[in-house]
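K.L.:
need a structure here:
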Amino acid sequence: MSDDDLSEAESKAIGQSIREELARKRLTRQHLADLAKISLSTLEKALSGQRPFTLASVVRIEEALKLPLRKARHAQTAMGPSIAPPEMGSYSHGAVSWLEGDYLTLRASFSTAEAIYAYSTSIKWDQALSHLCFHESERQDPQYKQDGFVSVPHQSGYIYLVTNKLGQYRMVMLTRPIISGEMYGLLSTLQSGRASQLTPISTPVVLAPAKQFGTEIEFGVIEASSKVYERYRKLLKRAHDEPFVLFGKQLS
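P.N.:
Numbers count the residues shown, from 1 in each chain. Take a look at the predicted model:
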């Protein structure tokens, strides 16, 4: 092994992170090799464990995926396993394991008046990255589905689901779960308008444990005619009524 080669353990951890990122972004290994300007053979051998990653190849792959592979590795070495980075709250896996699971996610529909938009959000611990990650699914607009990291800082007591794609941020700020398991909060994102127009928008959002709904769970645009509409509406309305979220007053 040359001085430029990473150790077997380091290569294995980085390889796992790369495979998970390829799955999340639905990229082929050939596409990644092209983006990183390395040969497909080099990438395949490193991912299969036939040879270690080199520092040079990892740097190129980090730039291609916009993913700090070495940062995660160094954080684990310095802070020990299963501890999130300081910028996410320095939480341990055991301290946040109660957050892991699948959630029904509800917000107002941006396109249909009085309708509710429902989809799924999964929160899980990523062992290679050493922090919680979230992933959206069951969306009618899969091109806009989000995934990213979860911050759980001690100071505010809130939970943050953050997407950062090439410097473009989208965030969900949530309360900690109430006794019945729901988390209430605010989604800040961009609404797609005509042509390429994008407009910042914020709206109340609710994450409720999916297991509470059993077989009576629906995704997509939920209108008043749906049998689940009233139950969904009560959950979403509670964000205003409690209130879990507030909107500042506009100047007259």
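
K.L.:
How is this protein divided into domains?
P.N.:
Domain segmentation of the chain under automatic domain parsing yields 8-80, 93-241.

K.L.:
and residue 252, which of those domains is closest to it?
P.N.:
domain 93-241 (20.7 Å; Cβ to Cβ). C-beta here means a position set from N, CA and C on the backbone, and glycine is covered the same way.

K.L.:
quick one: the closest residue to residue 198 other than its chain neighbours from residue 251, how far?
P.N.:
In space, and not counting its chain neighbours, residue 198 is closest to residue 190: 4.3 Å by Cβ to Cβ, 6 or more residues apart in numbering. In this view, residue 190 and residue 251 are 24 Å apart by Cβ to Cβ, to the nearest Å.

K.L.:
Between these two, point out the one with more neighbours.
P.N.:
residue 190 (14 against 4; other Cβ atoms under 10 Å).

K.L.:
shouldn't the more buried one be in contact with residue 201?
P.N.:
Yes - applying Cβ atoms under 8 Å as the test, residue 190 and residue 201 come out as touching, 7.0 Å apart.

K.L.:
who touches residue 170 in this structure?
P.N.:
146, 148, 162-163, 187-190 (Cβ atoms under 8 Å, 6 or more residues apart in numbering).

K.L.:
Compute the distance between it and residue 83, please.
P.N.:
The spacing between residue 170 and residue 83, counted by Cβ to Cβ, is 26 Å.

K.L.:
How about residue 47?
P.N.:
Taking Cβ to Cβ, one finds residue 47 at 26 Å from residue 83.

K.L.:
quick one: least confident helix or strand in the chain?
P.N.:
helix 69-79 (a mean of 54; mean pLDDT, DSSP states H and E).

K.L.:
Just the buried residues of the helix or strand in which residue 231 is found, please?
P.N.:
For residue 231, the host element (DSSP states H and E) is helix 229-241. Of the residues in helix 229-241, 229, 231-233, 235-236, 238-239 count as buried by neighbour count, 16 or more other Cβ atoms under 10 Å.

K.L.:
ok, now stretch 153-165?
P.N.:
Buried residues in stretch 153-165, counted by 16+ other Cβ under 10 Å: 159-163.

K.L.:
what do you get for stretch 90-107?
P.N.:
90-91, 93, 96, 99, 102-107.
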